[in-house]
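**Student:** here's my sequence, what's the structure:
(3 chains)
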Amino acid sequence: MRALRPFDALVTLALALALCFLTLPVVAIFAGTRPGELVASLGEPGVLDALSLSLKATLAALVVIVVVGAPAAYVLATRSFRGRSAVITLVELPLVLPPAVAGIALLAALGPQGLLGGWLEDAGVRLVFETAGVIVALVFVAAPFFLSQAQAAFSAVDHTWLEASRTLGASEARTFLSVMVPSALPGLLSGLALAWGRALGEFGATLIFAGSLSGVTQTTPLAIYELFATDLTAALALSAVLVAISGALLLSVKLVGGRVAPGLLAR
Amino acid sequence: MLAALALVAAGCGRQGPAGSAEEPLTVSAAASLAEAFGRYGEGFKGGSPRFSFAGSDELAAQIRQGARPDVYAAANTKLPGALHREGLVERPVTFTTNALVLAVPADSEIDALSDLERPGVDLVVGSPSVPVGSYTREVLSRLGAQRAGRILARVRSQEPDVKGVVAKLVAGAADAGFVYRSDVVAAGGRLRALVLPERLRPQAAYAAAVVRGGDRPELARRFVAGLRSGRGARILRAAGFGPPPQ
Amino acid sequence: MRARKLLSEGEGAGLELRAELRLDAFELAIELAVPAGSCLALAGPSGAGKSTVLRIVAGLVRPDRGSVRCGEVTWLETEAGIDVPPELRHCGYVFQDYALFPHLKAWQNVAYGLRGEVRGRAERRRRAEALLERFGLAHLADAHPRTLSGGERQRVALARALAPSPRALLLDEPLTALDSRTRATATRELASVLREADVPTLLVTHDFAEAATLGDTVAVMAEGRLVQHGGAADLAARPVSAFVADFTGAVVLSGVARPGPEGLTLVDLDGGGDIASVDHATGPVVASVFPWEIALEPPGETRGGSPRNRLAVEVASVTPLGSRVRVGLEGVQPLAAEVTAASVRALGIAPGRTVVATWKAAATRLTSS
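**Tutor:** Residues are numbered from 1 along each chain as shown, chains lettered A, B, ... in the order given. This next block holds a predicted model:
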């Protein structure tokens, strides 16, 4: 018993340190201004544009990520093929790319002088300086978060459930929708939350690839950066709003996950 | 773990013994000074400084929030002047001027300001609070409200610093952008500068100041002094900057 | 579509399978036929490849070479490139851990296989609940699997597999996960369900007693090959190898139990004679004894001590197993005893010799059949 005490104290201290370190900056944002100032700053023109753009663009990015990412993660989780680990590494690469590098890479691939630039122009698709470009950048940086979580969630599903479904007459597609997805739902939702959070906070890649123009490509983080130089109160206000939205997001995903999939927490 | 944290803090913070000559200077400078300062720093007696390049307005805001680089160099005189009035920096020294130009890709067909008024032109400028952005708006306001309005309607991005504008031009994403002459020089042959008519040219004077509260004020003053005359001045000239105003 | 429906009525629809598959530790090579309406118990130690056989029949694993036929329908023929996917084979499969869908209620699990053929949620629910009723689980129709006991889950899994009227039934260790108390009832129930379902059934188990009780025939498998196939009693009495002898373990005798003197239960053996057991049971039972608990004596000797069962038998076979010897005995029912090589010599045991097989009433285990 006595031998445990110092260890207990140490690990508790570590937790306390981590908690303080991670929450202090967030608390400071809210402590830095008075509520009246915060609300007033929100009324300034660029601010609401930035918030609305952030929400629209991240939602659009999420739709793309889920629609393409879920089946992709399914393949990675359930099939073994030559080069599978290489594919997984490639798909997770944007995770370790600095956002600026991501932006430059996107320009090099999809910009007017990029690899696919001519092709895109012929097709009449403009990405740079357009909201579509923001969405593309968000998909690029956030998709790996969803993909790796989704893949882990799919892999963790007991494969005998899938086999049972097949023997009961369900095709692979029906098994995916009726058994795989519901079983993996907590992991999928958590991946979704992470991807959404990442997309909401993206700065470097969208700035370099799509630029920054209020209402079109200036997302909330970009607006905060600009406000910081001129109006600190407004920057704090917008930061507080972003933190609140991200926090609400995380919470709601956890709650929905808990309600929708209660039977999956215990087999 | 506590010991480890303390070590890290000591290493990052400015906790070294007073007057240690080994520690390099920290310099916050406008983005347009990146190439020139880099070369100046390499040969600087006293060690190659650690540079932080960004929009001058962002850097000023950081200093207001408590950041303490040894030197602050901005792309205008307004920001250092304001910091001096607030007691955060010593008296600023105006050390160079820069010309605002209209830059286009080397193979562009644009060769006059009036070309910017045509629809379909993608124009990139700096954001209003960053010096290059405010100089740009100064220039445009001298054209009169109508022409200014048409040109501003072509703006597709307001970058937080001038290098962002340059990057968009070099990547071929933008058709034109307002940058400094030094930036066109730094871009090699990829960009072409359209010199602005005399009456439109803004007074783009750069000022630098030693930040109060640092522990190597002498070295910092030497750094600044070298910008006005001496090695730093020569490097600035070669990079396309103008002489300091008399 | 119609042709398939006719055939699924199970007229003479036996299961035939032939498969070769290279696995990590050995090569699986097997050939089996399960007559219509009968149950073949595939028994063997873990890792012998038994579950793989089930998965091949179900279409979840494809052998290197082989064929699977159910009645007139060919599900797999590697030579001809035929490989019907699992969802079209109509095999009821009960997995070892039941694999119930945790996010669905019990009735939804049972109704899962009905979606293709039964239109209307209400109708599917009705059928599912009827089936659950048959298994005595109607009151749990709305429960989620995690709230059910092991025995209840096993029954739901069975109901789920049977709901779509499968053409064949595949059971993977259906009783192994149950505790010993539930297992007795479950065994009885499963036997009756199999009789009722009347489709060719392939049942996998590592427990020979289970195989003997549920299977009409037993096939012993080891390292991917069939070692012996026949009636349970035959396998125990005349094991073809030491492996089978070891594996079959208990001797199994059938009879009818009734209360006897001194608290013992007497079992009138089918074919004549009776034995005693300390277990309690009445009605048709299966009595099992391990061969090494059976001693052999020359005829005529009687020893005192604990109540002993004594049966006059004739030695049918003598199979050495290292230092032990498995002696196959013919009496009113086949038996097997395991004795030392020294005893064999001392008693002069050889085929044709008459001896007395004797064992304790306490060593006789009864299972209601």
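**Student:** doesn't residue B:98 make contact with residue B:132?
**Tutor:** No: counting by Cβ atoms under 8 Å, residue B:98 is not a contact partner of residue B:132; they are 9.0 Å apart. (C-beta placed from N, C-alpha, C; glycine too.)
**Student:** what's the overlap in contacts for those two?
**Tutor:** Residues touching both residue B:132 and residue B:98 by Cβ atoms under 8 Å, 6 or more residues apart in numbering or on different chains: B:32, B:75, B:180.
**Student:** and these, which is closest to chain C?
**Tutor:** residue B:32 (59.9 Å; Cβ to the nearest Cβ).
**Student:** ok, now which ones touch that closest one?
**Tutor:** Residues in contact with residue B:32 (Cβ under 8 Å, 6+ apart) are B:75, B:98, B:132, B:162, B:163, B:179, B:180, B:182, B:183.
**Student:** now the fourth one: how far from chain A?
**Tutor:** Here residue B:162 is placed at a distance of 14 Å from chain A (Cβ to the nearest Cβ, to the nearest Å).
**Student:** quick check: pLDDT value at that residue.
**Tutor:** At residue B:162, the model reports a pLDDT of 93.
**Student:** could you find the closest non-adjacent residue to it?
**Tutor:** residue B:132 (4.3 Å; Cβ to Cβ, 6 or more residues apart in numbering or on different chains).
**Student:** do the last one as well
**Tutor:** The shortest distance from residue B:183 to any non-neighbouring residue, by Cβ to Cβ, 6+ apart, is to residue B:166 (5.0 Å).
**Student:** hmm, residue B:174 and the one you found touching each other?
**Tutor:** No: the criterion here is Cβ under 8 Å, and residue B:166 misses it with residue B:174 at 9.7 Å.
**Student:** for the stretch 51-200 of chain A, just list every one of the helices.
**Tutor:** Using DSSP state H, counting those that start in this stretch, the helices assigned to the stretch 51-200 of chain A run over residues A:84-96, A:99-110, A:117-122, A:131-156, A:159-167, A:172-175, A:181-201.
**Student:** do the stretch 101-250 of chain C as well
**Tutor:** Using DSSP H, counting those that start in this stretch, helices in the stretch 101-250 of chain C cover C:106-111, C:121-134, C:150-162, C:180-197, C:208-214, C:232-237, C:242-248.
**Student:** who's more crowded, residue B:132 and residue B:98?
**Tutor:** Shown here are residue B:132 and residue B:98; by other Cβ atoms under 10 Å in any protein chain shown, residue B:132 has more neighbours (32 against 29).
**Student:** the more buried one sits in which helix or strand?
**Tutor:** Residue B:132 belongs to helix B:131-141 when assigned by DSSP states H and E.
**Student:** buried ones in that helix?
**Tutor:** Using 16 or more other Cβ atoms under 10 Å in any protein chain shown as the test for burial, helix B:131-141 gives B:131, B:132, B:133, B:134, B:135, B:136, B:137, B:139, B:140.
**Student:** what do you get for stretch C:352-360?
**Tutor:** Counting neighbours by 16+ other Cβ under 10 Å, one finds that the buried residues in stretch C:352-360 are C:353, C:355, C:356, C:357, C:358, C:359, C:360.
**Student:** could you do stretch B:207-225 as well?
**Tutor:** Using 16+ other Cβ under 10 Å as the burial criterion, the residues of stretch B:207-225 that qualify are B:207-211, B:214, B:216, B:219-224.
**Student:** what stretches of chain A score poorly on pLDDT?
**Tutor:** Regions of chain A meeting the criterion pLDDT under 70 cover residues A:1-4, A:33, A:257, A:259-267.
**Student:** equivalent analysis for the stretch 1-150 of chain C, please.
**Tutor:** Using pLDDT under 70, the stretch 1-150 of chain C drops low at C:1-12.
**Student:** equivalent analysis for chain B, please.
**Tutor:** For chain B, the stretches flagged by pLDDT under 70 are B:1-22.
**Student:** nearest to chain A: which residue in it?
**Tutor:** Residue nearest to chain A within chain B (Cβ to the nearest Cβ): residue B:157, separated by 2.8 Å.
**Student:** any idea which element that residue lies in?
**Tutor:** Here residue B:157 is covered by strand B:155-159, with elements defined by DSSP H and E.
**Student:** which SSE is immediately downstream of that strand?
**Tutor:** Taking DSSP H and E, what comes next after strand B:155-159 is helix B:162-170.
**Student:** how far does whatever helix or strand comes next after that next one sit from its chain's centre?
**Tutor:** Following helix B:162-170 in sequence order, the next helix or strand is strand B:176-180 (DSSP H and E). Centroid displacement of strand B:176-180 relative to its chain, using Cα atoms, centre = their mean, to the nearest Å, is 13 Å.
**Student:** list the contacts of strand B:176-180.
**Tutor:** Strand B:176-180 has contacts (Cβ under 8 Å, 6+ apart) with B:32, B:75, B:98-104, B:108, B:110, B:115-116, B:121-126, B:132, B:135-136, B:139, B:162, B:165-166, B:168-169, B:191, B:204, B:240.
**Student:** so that strand versus helix B:162-170, what angle?
**Tutor:** Strand B:176-180 and helix B:162-170 are oriented at 140 degrees to each other (axes from the mean of the first three to the mean of the last three Cα atoms, to 10 degrees).
**Student:** sheet partners, orientation included, of strand B:176-180?
**Tutor:** Applying DSSP bridges to the sheet, strand B:176-180 is found paired with strand B:100-105 (antiparallel), strand B:123-126 (parallel).
**Student:** helix or strand next in line after it, which one?
**Tutor:** Following strand B:176-180 in sequence, per DSSP H and E, is helix B:181-186.
**Student:** ok, residues contacting that next one?
**Tutor:** By Cβ under 8 Å, 6+ apart, helix B:181-186 touches B:32, B:34-36, B:98-101, B:103, B:162-163, B:165-166, B:191-193, B:236, B:239-241.
**Student:** after that helix comes which helix or strand?
**Tutor:** Downstream of helix B:181-186 (by DSSP H and E), the next one is strand B:191-195.
**Student:** counting contacts, what elements does the next helix-or-strand element following that following strand pack onto?
**Tutor:** Using DSSP H and E, the helix or strand that follows strand B:191-195 in sequence is strand B:205-210. The contact analysis (3 or more Cβ pairs under 8 Å, 6 or more residues apart in numbering or on different chains; DSSP states H and E) places strand B:205-210 against strand B:71-74, helix B:78-85, strand B:93-97, helix B:217-228.
**Student:** could you dump the helices of the stretch 101-250 of chain C to TSV with mean neighbour count and distance to chain A?
**Tutor:** Shown next, in TSV, are these (neighbours: other Cβ atoms under 10 Å in any protein chain shown; distance: least, Cβ to the nearest Cβ, whole Å):
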stretch	mean neighbour count	distance to chain A
helix C:106-111	26	9
helix C:121-134	17	12
helix C:150-162	24	7
helix C:180-197	15	15
helix C:208-214	23	20
helix C:232-237	23	28
helix C:242-248	21	26
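**Student:** got these as TSV, with distance to residue B:71 columns?
**Tutor:** TSV is the format used below for the helices of the stretch 101-250 of chain C (distance: least, Cβ to Cβ, whole Å):
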stretch	distance to residue B:71
helix C:106-111	72
helix C:121-134	76
helix C:150-162	74
helix C:180-197	82
helix C:208-214	86
helix C:232-237	94
helix C:242-248	87
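**Student:** quick one, which of those helices gets closest to residue C:334.
**Tutor:** Of all the helices of the stretch 101-250 of chain C, it is helix C:232-237 that lies closest to residue C:334, at 3.7 Å by Cβ to Cβ.
**Student:** you'd agree residue B:138 is up against residue B:201?
**Tutor:** No: at 9.4 Å, residue B:138 does not count as touching residue B:201 under the criterion of Cβ under 8 Å.
**Student:** do the helix or strand encompassing residue B:34 and chain A meet?
**Tutor:** Assigned by DSSP H and E, residue B:34 falls within helix B:34-42. No: on the criterion Cβ under 8 Å from any Cβ of the partner chain, helix B:34-42 is out of touch with chain A, staying 14.6 Å away.
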